[in-house]
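In: need coordinates for the below:
(one chain, ligands or ions: 1)
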Amino acid sequence: MAEKGNTNMEKIVSLAKRRGFVYQGSEIYGGLAGTWDYGPLGVVLKNNIKNIWWKMFVEDREDMYGLDAAILMNGKVWEASGHVGGFSDPLVECKKCKKRFRADHVEGDECPSCGGELGEEREFNMMFETKVGAMEDSSSVSYLRPETAQGIFVNFKNVVDSFHPKLPFGIGQIGKAFRNEITPRDFIFRVRELEQMEVEYFVKEDTLKEHFEKWQKIMWDFIDIIGLDKEHVHELEVEAEDRAHYSKRTIDFEFDFPFGRKELYGLAYRTDYDLKKHQEHSKVSLEYLDEEAKEKIIPHVIEPSLGVDRTFLAILADAYREDEMGGETRTYLKLSPTIAPVKIAVFPLLKNKPELVAKAREIFAELKKQFGKVQFDDNGNVGKRYRRQDEIGTPYCVTVDYDTIEKDNTVTVRDRDTGEQERVSVEDLVQFFLDKKMI
Ligand code: GAP
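Out: Residues are numbered from 1 along each chain as shown. Got it, this is the predicted structure:
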């Protein structure tokens, strides 16, 4: 019954808007290309992704430290990191309509919009430049960070001085990054304001292979825990000419999005490039005293970098389903209970019967205390409520009816994927859901 449906983007975008997951940024003013706003359910789903990442990559590990660095950084950071000189994409402009395109997204030499002649290819720096403070000189120039990573590198010494960690250790952070993409596209896949979950893991050079492989495995574990179908994720060893300027090895984790196989995450070996560059430009020693070898070294870096927005889109694309139930076509999201924004919905069978509502409210309060993301829903008839909960991916619906209050203190629990219902005693309800591994 639970067939994988036609996961086309239009349907996903439409459901995301209709059900309050993702809205177009600045919509009432006609939008702003490359920006999206996460609605009430979107923000919960996004937080679920980030919380799982934080727990797995930072909190549960003794070798990891968390960070929340400023988005605005001294402009010199971006000169040192190589982003001022090298963070660019190839751009072509149409001589007739003046529209700009990423050169590697255009086939042939005609404008995809008006057919006009395209000009020479040139490099376009993707950082958003801004001025900090009231002075309008070059010292006030800064950039919205294009990756969270640099906030970690410039705090390397601070963390070492505060905590004296032994190698290997890492620093992780979640935060916004900004890229003036030439052609933002494919919904939240390529955006101008994005969110990243990044780890910079500092190792001795001779242990890098071992740690690279460990992080590779952790990334697969994360993919599994958030409920993505591993069959839809593929590793790609990135060729030298396609790697970022700092990387000696990169594996892309690609996902089968509805618009093709595209990068979901990256795992890079950044060598000692960034720490060395910051040491050179800041004139502050970023050497680490290796107490065993009694020598000062610049550690090498392994970087698992995961985009929140792309994770969100991959989850929606994988979860989107259409099937037939009760003679009707239905749409549902087959979200893993760990990620679903609503884990359980509780209904009174009839909205206008105070005794049913009171009992449903009591059960709702108990489940909410245990599982947090529980919704009380008495809007429309039960069939409509099921459809609505199916569309937002709620794994279970609990209905309170007259048997609950007059007969045997049981409720119906309906399974989203099969539509099957079973009666469960109210006393056993919490344990019933604990067994389903909802958290
Ligand atoms: N610190 C390394 C770094 O930033 P990246 O491959 O440029 O590497 C890492 O980006 C991840 O950030 C990507 O794998 C993707 O998940 C996400 N990402 C990058 N650019 C994006 C964009 N324009 N829109 C949405 N996500 C993006």
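
In: from here on, contacts and neighbour counts on C-alpha atoms
Out: Noted.

In: helices of the chain, start to end?
Out: Using DSSP state H, the helices of the chain run over residues 9-18, 40-54, 75-80, 83-86, 149-153, 156-163, 208-225, 273-282, 308-319, 354-371, 382-391, 402, 429-434.

In: save those as TSV, and put in distance to the ligand, mean pLDDT and mean neighbour count too.
Out: Formatted as TSV, the helices of the chain follow (distance: least, C-alpha to the nearest ligand atom, whole Å; pLDDT from 0 to 100; neighbours: other C-alpha atoms under 10 Å):
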stretch	distance to the ligand	mean pLDDT	mean neighbour count
helix 9-18	16	96	17
helix 40-54	13	98	18
helix 75-80	13	96	19
helix 83-86	11	92	16
helix 149-153	5	98	21
helix 156-163	15	98	14
helix 208-225	12	98	15
helix 273-282	11	98	18
helix 308-319	5	98	23
helix 354-371	29	97	17
helix 382-391	24	95	18
helix 402	50	96	16
helix 429-434	32	96	14
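
In: okay, these in CSV with distance to Ala293 next?
Out: Putting the helices of the chain into CSV (distance: least, C-alpha to C-alpha, whole Å) gives the following:
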stretch, distance to Ala293
helix 9-18, 55
helix 40-54, 32
helix 75-80, 29
helix 83-86, 34
helix 149-153, 23
helix 156-163, 17
helix 208-225, 17
helix 273-282, 20
helix 308-319, 39
helix 354-371, 49
helix 382-391, 58
helix 402, 74
helix 429-434, 49
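
In: which one of those helices lies nearest to Lys96?
Out: helix 83-86 (28.6 Å; C-alpha to C-alpha).

In: and the closest one, C-alpha only, in CSV?
Out: Included here for helix 83-86 are C-alpha records, laid out as CSV according to Å, rounded to 0.1, in the frame of the first residue of the first chain:
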residue,chain,number,x,y,z
HIS,A,83,38.1,33.3,-0.1
VAL,A,84,38.7,36.9,-1.3
GLY,A,85,41.0,35.6,-4.0
GLY,A,86,39.4,32.3,-4.9
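
In: and the contacts of that helix?
Out: Here helix 83-86 makes contact (C-alpha atoms under 8 Å, 6 or more residues apart in numbering) with Trp78, Glu79, Asn125, Met127, His245.

In: which one is the second one nearest to, not counting chain neighbours?
Out: With C-alpha to C-alpha, 6 or more residues apart in numbering as the measure, Gly85 is the residue that lies nearest to Glu79, at 7.0 Å, once sequence neighbours are left out.

In: any idea how far Gln279 is from the one you found?
Out: 18 Å (C-alpha to C-alpha, to the nearest Å).

In: again with Phe364
Out: Distance from Phe364 to Gln279, by C-alpha to C-alpha: 56 Å.

In: contact residues of the stretch 101-250 of the chain facing the ligand?
Out: By the rule C-alpha under 6 Å from any ligand atom, the part of the stretch 101-250 of the chain lying against the ligand is Glu147, Ala149, Phe189, Arg190, Val191, Arg192, Leu194, Gln196.

In: beta partners for the fourth one?
Out: Spelled out, that is Arg190. Beta bridges link Arg190 to Arg185, judged by DSSP bridges.

In: what are the neighbouring residues in contact with it?
Out: Applying C-alpha under 8 Å, 6+ apart, we find Arg190 in contact with Gly34, Glu181, Pro184.

In: check it and give its pLDDT.
Out: Predicted confidence (pLDDT) for Arg190: 97.

In: distance of it relative to Phe21?
Out: In terms of C-alpha to C-alpha, Arg190 sits 17 Å off from Phe21.

In: hmm, Val308 is touching Glu195, no?
Out: Yes. The pair Val308 and Glu195 passes the contact test of C-alpha atoms under 8 Å, sitting 5.4 Å apart.

In: picking up where we left off before, for the helices of the chain, which one sits closest to Met325?
Out: Per C-alpha to C-alpha, nearest to Met325 of the helices of the chain: helix 382-391, 10.1 Å.

In: CA atoms only: put that closest one into CSV for me.
Out: Provided in CSV are the C-alpha atoms of helix 382-391 (Å, rounded to 0.1, in the frame of the first residue of the first chain):
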residue,chain,number,x,y,z
VAL,A,382,-11.6,12.5,11.7
GLY,A,383,-11.0,11.5,8.1
LYS,A,384,-9.8,15.1,7.3
ARG,A,385,-7.6,15.1,10.4
TYR,A,386,-5.9,11.8,9.3
ARG,A,387,-5.3,13.3,5.8
ARG,A,388,-3.8,16.5,7.3
GLN,A,389,-1.6,14.5,9.7
ASP,A,390,-0.5,12.2,6.9
GLU,A,391,0.6,15.2,4.8
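
In: how many neighbours does Ser425 have?
Out: 16 (other C-alpha atoms under 10 Å).

In: give me the number of residues near the residue lying closest to it once chain neighbours are set aside?
Out: Of all residues not flanking Ser425 in the chain, Thr410 sits nearest, at 4.1 Å (C-alpha to C-alpha, 6+ apart). Neighbourhood size, Thr410 [other C-alpha under 10 Å]: 22.

In: need the contact list for Thr410.
Out: Counting by C-alpha under 8 Å, 6+ apart, Thr410 touches Val400, Asp403, Thr404, Arg423, Val424, Ser425, Val426.

In: do you know how far the nearest residue to the first one once chain neighbours are set aside is from the ligand?
Out: Counting by C-alpha to C-alpha, 6+ apart, Val400 lies nearest to Pro348, which is 4.8 Å off, once chain neighbours are set aside. Here the criterion is C-alpha to the nearest ligand atom, to the nearest Å. By it, Pro348 lies 41 Å from the ligand.

In: ok, Pro348 touching Val357?
Out: Yes. Look at Pro348 against Val357 with C-alpha under 8 Å: they come within range, at 5.3 Å.

In: what's the pLDDT at the closest residue to Glu420 other than its chain neighbours?
Out: Nearest residue to Glu420, sequence neighbours excluded (C-alpha to C-alpha, 6+ apart): Arg414, at 5.6 Å. Arg414 is assigned 97 on the pLDDT scale.

In: ok, Arg414 - how many residues close by?
Out: Neighbours of Arg414 under the rule other C-alpha under 10 Å: 20.

In: follow-up on the earlier one: dump the contacts of Arg190 to JSON lines, plus neighbour count and pLDDT.
Out: What follows is the contacts of Arg190, written out as JSON lines (neighbours: other C-alpha atoms under 10 Å; pLDDT from 0 to 100):
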{"residue": "Gly34", "neighbour count": "23", "pLDDT": "97"}
{"residue": "Glu181", "neighbour count": "22", "pLDDT": "95"}
{"residue": "Pro184", "neighbour count": "17", "pLDDT": "93"}
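
In: using CSV, lay out these together with distance to Phe371.
Out: CSV is the format used below for those (distance: C-alpha to C-alpha, whole Å):
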residue, distance to Phe371
Gly34, 35
Glu181, 40
Pro184, 37
